[in-house]
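*Asks:* Got a predicted model here, sequence first, then my questions.
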Protein chains: 2
Amino acid sequence: MKDRTLILDCKNEIGKQVNIYGFVQVRRDHGKIQFLDVSDRTGIMQVVLGGGKGTDIRAQDVVKILGQVNKRPEHLVNKNIPTGEIEIYSEEFEVLSKAEELPFDMGGKDLNLQLPTLLDFRPLTLRHPKVKQIFKVQEAIIDGFRRTCQSLGCTEIVVPTIAASSTEGGAEVFKLDYFGHKAFMTQSPQLYKQMLIPVFERVYTISHAYRAEPSVTTRHLTEVTQMDLEFGFCEFPELLDLLEKVATDTLKYAEDQNEKALKEFGIEKIAFGSPRGEAGSIPRLTLREAQELILKEFGRDNRKEKDLTPQDELDLCKWALEKHNSDFVTVTHFPTKAKPFYTKPDPKDPEYSLSYDLLFRGVEVLSGSQRINDYKQLVESIKLRGMDPKEFELYLMAFKFGMPLEGGFSFGLERLTMHMLNLANVREASLFPRDMERVDIRLNKSS
Amino acid sequence: MKDRTLILDCKNEIGKQVNIYGFVQVRRDHGKIQFLDVSDRTGIMQVVLGGGKGTDIRAQDVVKILGQVNKRPEHLVNKNIPTGEIEIYSEEFEVLSKAEELPFDMGGKDLNLQLPTLLDFRPLTLRHPKVKQIFKVQEAIIDGFRRTCQSLGCTEIVVPTIAASSTEGGAEVFKLDYFGHKAFMTQSPQLYKQMLIPVFERVYTISHAYRAEPSVTTRHLTEVTQMDLEFGFCEFPELLDLLEKVATDTLKYAEDQNEKALKEFGIEKIAFGSPRGEAGSIPRLTLREAQELILKEFGRDNRKEKDLTPQDELDLCKWALEKHNSDFVTVTHFPTKAKPFYTKPDPKDPEYSLSYDLLFRGVEVLSGSQRINDYKQLVESIKLRGMDPKEFELYLMAFKFGMPLEGGFSFGLERLTMHMLNLANVREASLFPRDMERVDIRLNKSS
């Protein structure tokens, strides 16, 4: 639109005539005068409509408004927005695309809808400023992750999602008819990122992963976004340093980019341990140590469990915040049997593995491990889990021709967004969430 | 590895003892003395082995070498690499991971293998410096694209790839068993990016797209990477400006980041038209004008064709380079019937549409259009193509509640990489290409 002035740029056009284009967000009637809040990608503008011109205007109408940019009277200045000192008195007014009447009110600060309604009307509900903000935070998480990876010398890789064997041996995979052959949607980019270690040494990828788990919980999606990293020539302690750096730098970036939004969501500043970014500022415990601590500090004896319970995760984070000023805890050395075949057992105690989870505010947001880099040990590990090494032919080839010590980790993007914003359900952290019962629209049993 | 010095950093350690870790790339025997080229992610180092220490060393062995960094004798300096003035005389030598004997020679400047071999041994062949370089160029294309999108105020979005209806109505989709329901892998992020225009106004995404075309050509993959953009409040001429800006800024960035590699591939500098980046520097023709030009300049009468022929594309680019110093040509106004349902017909001549392709060095690398943003017209367009609007319920909802004039376009990443590097086959431009006959390993009929 050649004649367009972006709303934020109107600040520099006081006293001049401009055309703005945008969406009506709210309409307020004050007797003869009507006010509109009109938004574009740069901001929001108060528009004063004189003389009943806009009687049938409603929220979500797409409008073009010609008018003069004026300073608002002192007592009407809104200091919370960059355009809060100006308004436009409309001279010409055009509805470019008329919206139907909305099925619910979108004008409030919060969009108080039940989850099914929130999703049934997704193209509409995403337009609510607070819902939209979730995905600006998500964008910043992605961007922060990428910047951190690049600063660590990682190469970005594009890995496939269609595979000939189910990557990690699980049964819960989506099957695909591939020209008459069986194929699967990958559960993670794991095997591909490992194969690329001898090529690029350090790699990262943001990719989709698919889980056909027939469970309907607040934490499960069938299609998720994974942020993955893998590092060659890395020993276990260095991997722990790296995962803590990537997690804290990523979240710090997302926090800095979204200060105002996080305040609106009522989110406290993240405690990064002190001094921030230094190795050792985030507490590290083995699973056994963590369980001893749970017994000592919280009186629950879970020392025979193979994993942390959800309450353990909450309590450990509570403890870490109090004692270490950290919203994070790194837990290491989970039982080898409970981990995927490529996880390296601790040579000092092979019952336990060189694996790790990162807890953030009471939940696990990252996991990974040192990997087995010895070809023969890897083949044994595959067999030990009842799988056939032939299914991993290409993957194993990478280990036949030289593979350094290596390891890595991954985040679930939607879960991280959910916990950063303290959302009740992971579906709120996905633009178009997929679960057992919904692929855009609700799946009914007859289709 | 705490005691590690990265190879590039050895430049600052002349006269000192260092440990380097890396892969043996080449071994050269000169009588009693053996030389190794050892690489890590930062560079390549010449290592001098004295006294027959490394007799069984071979390419792809992972090694740790302790030794002193020395200046090379003047006549042995290699000015083509940043570490060409130094070498390491090894004092201690350790093989950390032993490679099997290679099935083919990897030491040459080019890896002269037939395509099936190149792919059968993918984890190995990707390690060859020239093959690896393809994916550094690809990384720079992605990065350049993202930087350009961000500079244009676009929001990055994450869109799903599992869908309940086949996005664009084609028959060539992969079907998925989704908990007993039918689902499909998306052919493009098209419908999702459009739904998000009222939310973010300008969006971009890099996503996977799936095509079940049963064809084996040098240009087809079944899983591809698409770089997509969509702009709200944009008229047709502005869309043309934008697509040319995004294409040229992306490729300029990738070119600048890979000068040396492009020289090794024998690629000429891209001609961006002049003045570069200014609207009008890339020639724009309607399909009809292009066909007239083909008749006049090249003597072929294709004026009744509904699309450009491959030879037309080559000739148009030849003409553009000669007359406009441009490796690009923008062709607009393809027949409405030949385009997807969301393409906006030209109001002045509805037989033709407000669509466009961008040709680059003889092939189409980008296509897109102004979209229909009127709800009723869109429903009619779906019906006209024999499809059921009910299948597009969620998508259509976005148009019921206000949708501005909008349009967009997309690139295929692998094709762009292929044409930028003048590769013979698109499979060379994918780390792990999928086609009708291969998913990592060759599919055989009995599986």
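*Replies:* All right, it came through fine.
*Asks:* Return the per-residue confidence for whichever residue of the stretch 151-300 of chain A sits closest to chain B.
*Replies:* Taking CB to the nearest CB, chain B has its nearest neighbour within the stretch 151-300 of chain A at A:Glu201, 3.7 Å off. Just so you know, the C-beta spots here come from the backbone N, C-alpha and C atoms, and that holds for glycine as well. Confidence at A:Glu201, expressed as pLDDT, is 98.
*Asks:* wait, isn't it in contact with B:Asp40?
*Replies:* Yes. When contacts are counted by CB atoms under 8 Å, A:Glu201 is listed as touching B:Asp40 (6.2 Å).
*Asks:* joint contacts of those two?
*Replies:* A:Phe233 (CB atoms under 8 Å, 6 or more residues apart in numbering or on different chains).
*Asks:* ok, for A:Thr83, nearest residue in space, not its chain neighbours?
*Replies:* Distances taken as CB to CB, 6 or more residues apart in numbering or on different chains place A:Gly43 nearest to A:Thr83, at 4.9 Å, with adjacent residues excluded.
*Asks:* what's the neighbour count on that neighbour?
*Replies:* 18 (other CB atoms under 10 Å in any protein chain shown).
*Asks:* Pull the contacting residues for it.
*Replies:* Contacts of A:Gly43 by CB under 8 Å, 6+ apart are A:6-8, A:81-83.
*Asks:* any idea how far A:Gly412 is from it?
*Replies:* 32 Å (CB to CB, to the nearest Å).
*Asks:* How about A:Thr309?
*Replies:* Note on A:Thr309: its distance to A:Gly412, by CB to CB, is 20 Å.
*Asks:* and if you look at A:Phe265?
*Replies:* Taken as CB to CB, the span from A:Phe265 to A:Gly412 is 19 Å.
*Asks:* Among those two, which residue is more densely surrounded?
*Replies:* A:Gly412 (22 against 16).
*Asks:* Look up how far B:Ile206 lies from the nearest residue to the more buried one once chain neighbours are set aside.
*Replies:* The shortest distance from A:Gly412 to any non-neighbouring residue, by CB to CB, 6+ apart, is to A:Val224 (5.5 Å). Separation of A:Val224 from B:Ile206 (CB to CB): 17 Å.
*Asks:* same question, A:Pro237
*Replies:* 34 Å.
*Asks:* quick one: which of those two has more around it?
*Replies:* Neighbour count, other CB under 10 Å: between A:Pro237 and B:Ile206, B:Ile206 has more, with 21 against 11.
*Asks:* Can you name every helix or strand that the least confident helix or strand in chain A by mean pLDDT contacts?
*Replies:* Using mean pLDDT, DSSP states H and E, strand A:441-442 stands out as the lowest-scoring helix or strand of chain A, at a mean of 87. When contacts are defined as 3 or more CB pairs under 8 Å, 6 or more residues apart in numbering or on different chains; DSSP states H and E, strand A:441-442 sits against helix A:115-120.
*Asks:* Identify the residues contacting the helix it packs on?
*Replies:* A:104, A:111, A:125, A:131, A:425, A:427-428, A:433, A:438, A:441-442.
*Asks:* residues making contact with stretch A:132-148?
*Replies:* By CB under 8 Å, 6+ apart, stretch A:132-148 touches A:126, A:156, A:204, A:206, A:227, A:245-246, A:249-254, A:257-258, A:261-262, A:264-265, A:411, A:413-414, A:416-417, A:420-421, A:423, A:428-429, A:431, B:155-158, B:199-200.
*Asks:* Give me the mean pLDDT for the biggest strand by length in chain A.
*Replies:* Scanning chain A for the strand with the most residues, using DSSP state E, yields strand A:17-30. Averaged over strand A:17-30, pLDDT sits at 94.
*Asks:* ok, it near chain B or not?
*Replies:* Yes. Contact of strand A:17-30 with chain B (CB under 8 Å from any CB of the partner chain) involves A:21, A:23.
*Asks:* Distance from that strand to the middle of the chain?
*Replies:* Centre-to-centre, strand A:17-30 and its host chain are 32 Å apart (CA atoms, centre = their mean, to the nearest Å).
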